[in-house]
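Chemist: sequence unknown, structure follows:
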């Protein structure tokens, strides 16, 4: 998918919402456990109920891997289901991968060949040759960790050399490895005050912003500091949408929660003059 | 496994070799492709032929994930095969994971509950809460990336603040999160001159050293700078052992290659007075 296609979908749906599929067998409605594939059964219902309000889905790989082979199977079915039924939705493998070149090549194959994800989140610690193999696929994206939403972000990401913090160095260095058409960055919503600063380094790149909702970030602040003239944001919500109810109405309630966020986003896009 | 148990195995086998199972369907002997599970068939033969000379195996997750569900299945079978047949061998999930706390919890579950790995490699970028969930399992280990063997290591790992480089900061900060019984570090063999410096920070921790062989690192240099009084090293070789031959004798040749490394290691252990 190109950035223009993504922006067209954002305008059409008046939304820059990404729904995180952090599907946990201990949190889904009990009656689904009687189905042959509870994880996929849950995802399918959640996707059908929220797709109208979202431009992206982000399965969190850890949740699938924790179920072993069965979980990996649920993941493949989920990606195929989205791709087949809602082909204009952007699919993110939230995998935080990154290894030496020949290994990153294999990870790219896993997410872009064996499965049909549009993008994968990548950790920057190992540098250029760990990131570039993901950029060799046409219309596929790397989403590189820059400033994360968690407490541990403070341990290393703010380390400073010549007035430049590690997360800034990651952004400035890595933007030369790719383009605005194959590289996005993760910037946590809990660091909204840093978004403006990051926008000054990369005015045009898309940013994936986790941390709104359960982690405490504010959508309004994120939009104020992060929106650009092609939107440039995908804001993720996982637990705040998919676990609204553990009863028969779980999908309906997820749809209502997604719609609420979408309406707030619509207003923010209008205020910015993008609709 | 405790560090003492690992050291006992090292003494028994006179080896600190870790064989990397970077099993690539395009590199294994063609006749194996006719079996129902070529990846597992290859691994099984390689393991049987090399187990006498090795104290650890390190499946590289990317290679299995690139095969989708079938690959994940081959991985589970491989781990079970080692655990059942050679229970004193240390098994490393080379996965380079790391995410916010609740997600790292799920990755820990994937490698320590759903599968029976002894350890998992973890990337430090997201800090303490991304690493600690892997440390809550008794006798299981985090192997944290410190200084990697690839070219891209130079991009961020040498960033300097107050005379302290990022990889040093990672080691000094993270060693407070765990103990010598649940935390090892990755230090590339191509950076052997840095090993001495790293040993001064963490004299007692085990180090996992990739990069000997195909990547160009020297075993002798690694041993000189890295051995401590409980060995303290696991040196990995992947391509240099498992792809010695693509014919019927592939396993035998891998065994011969592993034995050569083991004999070199035996001499180094003796020279250090550890045997």
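Modeler: Arrived safely. Quick caveat: nothing in here was measured; it's all calculated off a predicted structure.
Chemist: skipping adjacent residues, who's closest to residue A:159 in space?
Modeler: Distances taken as C-beta to C-beta, 6 or more residues apart in numbering or on different chains place residue A:166 nearest to residue A:159, at 4.6 Å, with adjacent residues excluded. Placement of C-beta: from N, CA and C, glycine included.
Chemist: swap in residue A:229?
Modeler: residue A:274 is the one closest to residue A:229 (C-beta to C-beta, 6+ apart), at 7.3 Å.
Chemist: list the residues that contact that neighbour.
Modeler: The contact partners of residue A:274, taken as C-beta atoms under 8 Å, 6 or more residues apart in numbering or on different chains, are A:11, A:227, A:229, A:231.
Chemist: in which helix or strand would I find it?
Modeler: Counting by DSSP states H and E, there is no helix or strand that carries residue A:274.
Chemist: backbone phi and psi for it, please?
Modeler: phi -90, psi -10 (degrees, to the nearest 10).
Chemist: which residues touch the strand or helix carrying residue A:9?
Modeler: Here residue A:9 is covered by helix A:3-13, with elements defined by DSSP H and E. Contact with helix A:3-13 is made by A:16, A:52-55, A:88-90, A:180-181, A:206, A:230-231, A:262, A:269, A:274-275, as judged by C-beta under 8 Å, 6+ apart.
Chemist: check the residue nearest to residue A:229 and give its pLDDT.
Modeler: We have a pLDDT of 96 for residue A:274.
Chemist: likewise for residue A:215?
Modeler: The predicted structure scores residue A:215 at 69 on the pLDDT scale.
Chemist: now do the buried residues in the least confident helix or strand in chain A by mean pLDDT.
Modeler: Sorted by mean pLDDT, DSSP states H and E, the helices and strands of chain A end with helix A:192-201, the least confident at a mean of 91. Residues of helix A:192-201 classed as buried under the neighbour-count rule (16 or more other C-beta atoms under 10 Å in any protein chain shown) are A:192, A:194-195, A:198-199.
Chemist: related to what we said a few turns ago, which of the contacts of helix A:3-13 are buried?
Modeler: Buried residues within the contacts of helix A:3-13, counting neighbours by 16+ other C-beta under 10 Å: A:16, A:53-55, A:89-90, A:180, A:206, A:230-231, A:262, A:269, A:274.
Chemist: check for me that residue A:91 belongs to a helix.
Modeler: No: applying DSSP: H, G, I helix; E, B strand; the rest coil, one finds residue A:91 to be strand, outside a helix.
Chemist: burial of it, as a residue count?
Modeler: Residues contacting residue A:91 under the criterion other C-beta atoms under 10 Å in any protein chain shown number 23.
Chemist: likewise the one 3 residues further on?
Modeler: A count of nearby residues for residue A:94, using other C-beta under 10 Å, gives 27.
Chemist: make sure I have this right: it is in a strand.
Modeler: Yes: the assignment for residue A:94 (three-state DSSP) places it in a strand.
Chemist: for it, give its distance to chain B.
Modeler: Taken as C-beta to the nearest C-beta, to the nearest Å, the spacing of residue A:94 relative to chain B amounts to 8 Å.
Chemist: beta-bridge partners for that residue, please?
Modeler: When bridges are assigned using DSSP bridges, the partners listed for residue A:94 are residue A:60.
Chemist: which residues touch it?
Modeler: A:20, A:58-61, A:121, B:99.
Chemist: so stretch A:241-260, near chain B or not?
Modeler: No: with C-beta under 8 Å from any C-beta of the partner chain as the measure, stretch A:241-260 is seen stopping short of chain B, the closest distance being 12.1 Å.
Chemist: ok so, going back, against chain B, how distant is the residue nearest to residue A:229?
Modeler: Residue A:274 sits 30 Å away from chain B when distances are taken as C-beta to the nearest C-beta.
Chemist: next: residue A:177.
Modeler: If you go by C-beta to the nearest C-beta, the gap between residue A:177 and chain B works out to 9 Å.
Chemist: for the stretch 151-275 of chain A, which segments count as helices?
Modeler: Counting by DSSP state H, counting those that start in this stretch, the stretch 151-275 of chain A forms helices over residues A:153-156, A:166-174, A:192-201, A:219-226, A:239-242, A:250-271, given from the N-terminal end onward.
Chemist: what would these look like in a markdown table with distance to residue A:114?
Modeler: Below are the helices of the stretch 151-275 of chain A laid out as a markdown table (distance: least, C-beta to C-beta, whole Å):
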| stretch | distance to residue A:114 |
| --- | --- |
| helix A:153-156 | 31 |
| helix A:166-174 | 25 |
| helix A:192-201 | 33 |
| helix A:219-226 | 33 |
| helix A:239-242 | 25 |
| helix A:250-271 | 28 |
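Chemist: give me whichever of those helices is most buried.
Modeler: Using mean count of other C-beta atoms under 10 Å in any protein chain shown, the stretch among these with the greatest mean number of neighbours is helix A:239-242 (a mean of 22).
Chemist: roughly how far is that one from the heart of the chain?
Modeler: A distance of 14 Å separates the C-alpha centroid of helix A:239-242 from that of its chain, computed with C-alpha atoms, centre = their mean, to the nearest Å.
Chemist: now do stretch A:159-171
Modeler: For stretch A:159-171, the distance between its averaged C-alpha position and the chain's averaged C-alpha position is 24 Å (C-alpha atoms, centre = their mean).
Chemist: show residues contacting that stretch.
Modeler: Under the contact criterion C-beta under 8 Å, 6+ apart, stretch A:159-171 has outside partners A:124, A:144-147, A:156-158, A:172, A:185, A:194, A:197-198, A:201-202, B:156, B:159-161, B:166, B:169.
Chemist: repeat that for 7 Å
Modeler: With contact meaning C-beta atoms under 7 Å, 6 or more residues apart in numbering or on different chains, stretch A:159-171 is reached by A:124, A:144, A:146-147, A:156-158, A:185, A:198, A:201-202, B:156, B:159-161, B:166, B:169.
Chemist: pLDDT of stretch A:138-150, averaged?
Modeler: Averaged across stretch A:138-150, pLDDT comes to 96.
Chemist: that stretch near chain B at all?
Modeler: Yes: Stretch A:138-150 comes into contact with chain B when judged by C-beta under 7 Å from any C-beta of the partner chain, the residues involved being A:145, A:148-150.
Chemist: do the same with stretch A:179-190
Modeler: No: applying C-beta under 7 Å from any C-beta, one finds stretch A:179-190 separated from chain B by no less than 9.2 Å.
Chemist: next: stretch A:128-136.
Modeler: Yes: part of stretch A:128-136 sits close enough to chain B to count as contact by C-beta under 7 Å from any C-beta, namely A:128-130.
Chemist: put together TSV for these, with pLDDT, neighbour count and secondary structure on each row.
Modeler: Compiled in TSV, the residues of stretch A:128-136 next to chain B are given as follows (pLDDT from 0 to 100; neighbours: other C-beta atoms under 10 Å in any protein chain shown; DSSP: H, G, I helix; E, B strand; the rest coil):
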residue	pLDDT	neighbour count	secondary structure
A:128	98	19	helix
A:129	97	20	helix
A:130	98	28	helix
